[in-house]
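**Q** structure, please.
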Amino acid sequence: MVFDKLKQIYHLHASLEGLYRLPFKAIFEIEKRYPVAYKVVVDYRNWFINEIYKLLLTLKSTATIQDAYMFLFMIDGAMVQLLSTNSVDERDRLLDYFFLSFA
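**A** Numbering: from 1, shown residues only. Here you go, the predicted structure:
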């Protein structure tokens with residue numbers, strides 16, 4: 001089911017133990033010092049947005065690329081929240097809210 005795939009993608013990326021933590025940190029830390037590595041991260045994010053968009057289209061034919069960007073924005077926001085020292089884990093709540101718009 002597509003909802004399950006999106007949920008898996010979300011939990012794999014919005015995790016401090018996951019591999020996405022490194023490209024996420026790269027966005028903020030390596031742009032100036034390592035432009036080639038930064039380009040790899042940007043290319044990955046562009047590919048990732050397109051894959052999310054394809055999945056969202058299978059849920060709702062009126063899904064837009066902005067919906068895919070919003071999904072990625074939620075992942076990035078969840079990562080910032082997890083990295084914050086005063087955070088409360090609201091990852092599942094964010095995901096549920098996003099899915100309501102596609103129900």
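
**Q** can you count the residues close to residue 63?
**A** 19 (other Cβ atoms under 10 Å). C-beta coordinates here come from the backbone N, C-alpha and C atoms, glycine included.

**Q** next one: it from residue 43, what distance?
**A** 23 Å (Cβ to Cβ, to the nearest Å).

**Q** with residue 79 instead?
**A** Applying Cβ to Cβ to residue 79 and residue 43 gives a distance of 19 Å.

**Q** who's more crowded, the two?
**A** residue 79 (21 against 10).

**Q** list the contacts for the more buried one?
**A** Residue 79 is in contact with 13-14, 16, 20-21, 24, counting by Cβ atoms under 8 Å, 6 or more residues apart in numbering.

**Q** go again with 7 Å.
**A** 14, 24 (Cβ atoms under 7 Å, 6 or more residues apart in numbering).

**Q** now do the helices in the protein.
**A** All helices of the chain, identified by DSSP state H, fall at 2-13, 21-29, 35-59, 65-83, 91-100.
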